[in-house]
Each structure stands twice: as C-alpha cells, then as structure tokens.
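> heads up, no residue letters with this:
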C-alpha cells in the first residue's frame, strides 16, 4: 500500500497556487543488503550473501557500461541511461562550446519498462492517506486508485499513521517554486 500526504502549492506564480497535491510517504528505503535479505526469503535456493554479491556486481557493471555511453535495460524494471544537464544560457556557437563551461553535470536517468510502467502501476497500486503525519483528519477516508472499483475502508475505522515515515518519491515540493506546483 502506498501512503500519501497532501500539500498545498505555495508558489504564488503558479497557475495552481493554493491547490492540494498528493505526495508519497516513504516508510523505509532498502539498501542492497536489505534487498538481498528480502529476496532470499522468497523460496529461493540462493543465500542472502550470494544474492548480495550478484546485485553488487550488477550495480558495478551497470555503472561501467553507462559510462561507456550505453543504456542498460532490465526487463520489467527500467532502462537506465546517462543524461546531461546543460548550464543555463548555452553556447552561442559550436566553436564557443566548452565542456567545463557549458555542461553542469552528468546524471543517471531511469525510465520504467514492462511490468513497472505507469499504466501497470496504476492498475496495481492501492493508495491510502496518511493523516497522522499532517495532523489533519482527512475527508472521505482513502480510496484505491486501481481500476478494480474497490474502496479501502481504512482498516475498520482505524487510521494508519505512516509509522514515522517521511515524504519522498522525488517529486517537487510545492513549497519550492520548481515546477508549476
């Protein structure tokens, strides 16, 4: 289940100023060791250590081939690629272009693929408002965003607090004027 909180857009220059937007609550971030442990508990003959070793090698190899200018596709997860963040203003001409002056940074990009696409996630995700994090009561309970027509009643009238989670998910905070909201 994905818990969310609502935040009001405080960017006065935005067309959506004052509107409410949902942001995911991240309860925990698993590191490679925790992921290996989780995977080893899924009826596999491989130990946590063996899985950890394979994942560590995979990460190292993905970085290596990305830095060679190649993309890496892991089916049903993502296509990893390198992006370039250009400095503001750009170069006036090809002759004026200078890497240290005109390229701000290199970044990792990941684009969902297969079973992890937005369409697939929308069908499978269940959303529930984490009201205890914001101190609000939350109107209307919580709803399942999937297309199965069900409504989550909130565990027989109790509210799930999010267990000291924090907001995350890489979205733009509406308190900072980064996007339109």
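Now that the structure is in, tell me what you want to look at. Keep in mind it's a predicted model, so treat the numbers as computed, not measured.
> could you list the residues in contact with whatever helix or strand residue 49 lives in?
With secondary structure defined by DSSP states H and E, residue 49 is part of helix 48-66. With contact meaning C-beta atoms under 8 Å, 6 or more residues apart in numbering, helix 48-66 is reached by 32-33, 35-37, 39-40, 44, 72, 80-82, 108. C-betas here are computed from N, CA, C, even on glycine.
> list phi and psi for the closest residue to residue 69 other than its chain neighbours.
Of all residues not flanking residue 69 in the chain, residue 82 sits nearest, at 7.3 Å (C-beta to C-beta, 6 or more residues apart in numbering). The phi and psi torsions at residue 82 (degrees, to the nearest 10) take the values phi -100, psi 140.
> report the separation between residue 82 and residue 106.
Separation of residue 82 from residue 106 (C-beta to C-beta, to the nearest Å): 6 Å.
> quick one: which of those two has more around it?
residue 82 (14 against 11; other C-beta atoms under 10 Å).
> and the pLDDT at residue 116?
You'll see residue 116 listed with a pLDDT of 87.
> residue 25 falls within a strand, correct?
Yes: the assignment for residue 25 by DSSP: H, G, I helix; E, B strand; the rest coil puts it in a strand.
> from residue 5, how far out is it?
The value you get for residue 25 to residue 5, if C-beta to C-beta is used, is 6 Å.
> what's the answer for residue 82, then?
Counting by C-beta to C-beta - residue 82 and residue 5 are separated by 33 Å.
> what do you get for residue 18?
Computed as C-beta to C-beta, the residue 18 to residue 5 distance reads 17 Å.
> in terms of neighbours, single out the busier of the two.
residue 5 (22 against 11).
> which SSE is immediately downstream of the helix holding residue 49?
strand 72-74.
> can you map out the helices along this structure?
Counting by DSSP state H, the segments of the chain that form helices are 32-40, 48-66, 99-102, 118-124, 131-134.
> can you list these in CSV and add distance to residue 91 and mean neighbour count?
Putting the helices of the chain into CSV (distance: least, C-beta to C-beta, whole Å; neighbours: other C-beta atoms under 10 Å) gives the following:
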stretch, distance to residue 91, mean neighbour count
helix 32-40, 40, 15
helix 48-66, 25, 14
helix 99-102, 5, 10
helix 118-124, 35, 11
helix 131-134, 46, 18
